[in-house]
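1. please work out how this folds:
(one chain, ligands or ions: 1)
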Amino acid sequence: MVTLQKVHGSENSFFLFDETQLTQPLTNTQLATVTQQLTNAETGLLGGADGVLAITAAPGTAGKMTVVNTDGSFAKLCGNGLRTVARYLSEKTGQATFKVHTDFADLAVARQPQLAEGVPAYSVEISPVSFAPQDLPFANLGVDRIVDTVLPAIHPSLKFTAIAVPNPHLIAFVSPEVLAGSDLERIGKMLNAKNPYFPEGVNVTFAEILDKDTLFARTYERGVGFTNACGTGMSATTLAFILTHPEEAAFDRVNTVYNPGGMVKTIVHHDGERYWIELIGNATVTATITLPDTALLAGDWQQAEIHATGEQAEYERFIDALPHRKLANTLTEGV
Ligand SMILES: N[C@@H](CCC[C@H](N)C(=O)O)C(=O)O
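-> Numbers count the residues shown, from 1 in each chain. Presented below is the predicted three-dimensional model:
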């Protein structure tokens, strides 16, 4: 038997699977298949999810996180997911601060005070950061760095910033009308199908500046489509905010980033050589699921024993009291 958790950060939802329960970890092909079966919105478990967070042993850290998108592609990082992995490993090991291994870096994570009664929170490091074309990667756009740049091949007037953190993000600051309009979906679909500009796809975020240090962000995700929130996207967007709007944002200052699934806090640091971002937000477990490992591999949910934790009601109470819920609800209608 294996036990999974259904988790979310800002309603960006995942199945968390600790593979140390198995005698040997799954192959990448098995993990991609399990992810596609579990997360499918129609045939998956509990209405599906945006991806799977797989945990394996990694000496010198509390564990390794592997992120698989719902389409079976592997992601370089996941910020909302890392908070839930941080919570899982914190509860498993009893540690409050530690490192989680990913393919690109060992990332510092820490337990934080609850956001509200029954809403556990964790902070996670988002890094490494790069603007280099080969790290995103991008090509055929006539530039070798995209910071506040009009890209006529993508949109006639929006100014874009492209940042790998290390997964790829393309960001534009937009008006409320453009935020609610059809450009985000059009650009997200174009750049995540076969295209000459971002050959491996890219997460596309449109953000509205609400105030000093305050944003509303919406993301069309690589390998997924629209999500309620993208943690690495909100982290990269905060860095883009500081670089492109220095009168409204600054390094080492706490930002609030609202999103369709809730809100997070972000702090961007720069020591002259490198950038890194602290992402702070909820790590919510909505259910635990126990099933035979053979059933998990076969995508057979009939023997799954599901236990709802009750945390979702507390999370919903928390977000219902947030500002900008009307905007969030309007954006998610019909998606
Ligand atoms: N939602 C995630 C990002 C997940 C990975 C993304 N789809 C990719 O392929 O880069 C987050 O919270 O960061």
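
2. contact partners for His101?
-> Ala58, Gly60, Thr61, Gly63, Lys64, Met65 (C-beta atoms under 8 Å, 6 or more residues apart in numbering). Backbone N, C-alpha and C define where each C-beta goes, glycine included.

3. no, scratch that, I was asking about His269
-> His269 touches Phe251, Asp252, Tyr275, Trp276, Ile277, Glu278, counting by C-beta under 8 Å, 6+ apart.

4. sticking with it, tell me its helix or strand.
-> strand 262-270 (DSSP states H and E).

5. which stretches in the protein count as helices?
-> With helices called from DSSP state H, the chain shows them at 28-39, 79-93, 176-180, 183-191, 231-244, 293-298, 311-320, 325-332.

6. export those helices to JSON lines and tack on mean pLDDT, mean neighbour count and distance to Asn69?
-> Output for the helices of the chain, formatted as JSON lines (pLDDT from 0 to 100; neighbours: other C-beta atoms under 10 Å; distance: least, C-beta to C-beta, whole Å):
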{"stretch": "helix 28-39", "mean pLDDT": "98", "mean neighbour count": "19", "distance to Asn69": "7"}
{"stretch": "helix 79-93", "mean pLDDT": "98", "mean neighbour count": "24", "distance to Asn69": "11"}
{"stretch": "helix 176-180", "mean pLDDT": "96", "mean neighbour count": "14", "distance to Asn69": "24"}
{"stretch": "helix 183-191", "mean pLDDT": "98", "mean neighbour count": "18", "distance to Asn69": "13"}
{"stretch": "helix 231-244", "mean pLDDT": "98", "mean neighbour count": "27", "distance to Asn69": "12"}
{"stretch": "helix 293-298", "mean pLDDT": "96", "mean neighbour count": "15", "distance to Asn69": "18"}
{"stretch": "helix 311-320", "mean pLDDT": "97", "mean neighbour count": "16", "distance to Asn69": "23"}
{"stretch": "helix 325-332", "mean pLDDT": "81", "mean neighbour count": "15", "distance to Asn69": "19"}
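
7. could you dump these into a markdown table with distance to the ligand added?
-> Below are those laid out as a markdown table (distance: least, C-beta to the nearest ligand atom, whole Å):
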| stretch | distance to the ligand |
| --- | --- |
| helix 28-39 | 12 |
| helix 79-93 | 4 |
| helix 176-180 | 18 |
| helix 183-191 | 11 |
| helix 231-244 | 3 |
| helix 293-298 | 22 |
| helix 311-320 | 16 |
| helix 325-332 | 15 |
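
8. quick revisit: just the ones in strands from the contacts of His269, please.
-> Tyr275, Trp276, Ile277, Glu278 (DSSP state E).

9. before we move on, back to that, out of the helices of the chain, which gets nearest to His270?
-> Evaluated with C-beta to C-beta, these place helix 231-244 nearest to His270, the distance being 8.4 Å.

10. would you mind confirming that Leu31 is in contact with Ser73?
-> No. Leu31 is beyond contact range of Ser73, at 11.3 Å (criterion: C-beta atoms under 8 Å).

11. follow-up on the earlier one: who wins for neighbours among the contacts of His101?
-> Greatest neighbour count in the contacts of His101, by other C-beta atoms under 10 Å, goes to Met65: 28 neighbours.

12. and that residue, what is it in contact with?
-> Contacts of Met65 (C-beta under 8 Å, 6+ apart): Leu53, Ala54, Ile55, Cys78, Gly81, Leu82, Val85, Val100, His101, Thr102.

13. can you check Thr284 too?
-> Contact analysis of Thr284 by C-beta under 8 Å, 6+ apart lists Val7, His8, Gly9, Thr84, Val119, Pro120, Glu311, Gln312, Tyr315.

14. CSV please, covering those residues and showing distance to Phe206.
-> Shown next, in CSV, are the contacts of Thr284 (distance: C-beta to C-beta, whole Å):
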residue, distance to Phe206
Val7, 26
His8, 21
Gly9, 20
Thr84, 25
Val119, 26
Pro120, 29
Glu311, 30
Gln312, 27
Tyr315, 25
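
15. strands - which of the contacts of His101 land there?
-> If you go by DSSP E, those have Lys64, Met65 in strands.

16. the contacts of His101: which two are farthest apart?
-> Gly60 and Met65 (14.5 Å).

17. now render the ones in strands among the contacts of His269 as a markdown table, adding pLDDT and distance to Pro133.
-> Shown next, in a markdown table, are the ones in strands among the contacts of His269 (pLDDT from 0 to 100; distance: C-beta to C-beta, whole Å):
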| residue | pLDDT | distance to Pro133 |
| --- | --- | --- |
| Tyr275 | 98 | 17 |
| Trp276 | 98 | 21 |
| Ile277 | 98 | 21 |
| Glu278 | 98 | 27 |
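
18. wait, doesn't Cys230 sit right on Asn12?
-> Yes. The pair Cys230 / Asn12 is scored as a contact, 6.5 Å apart, by C-beta under 8 Å.
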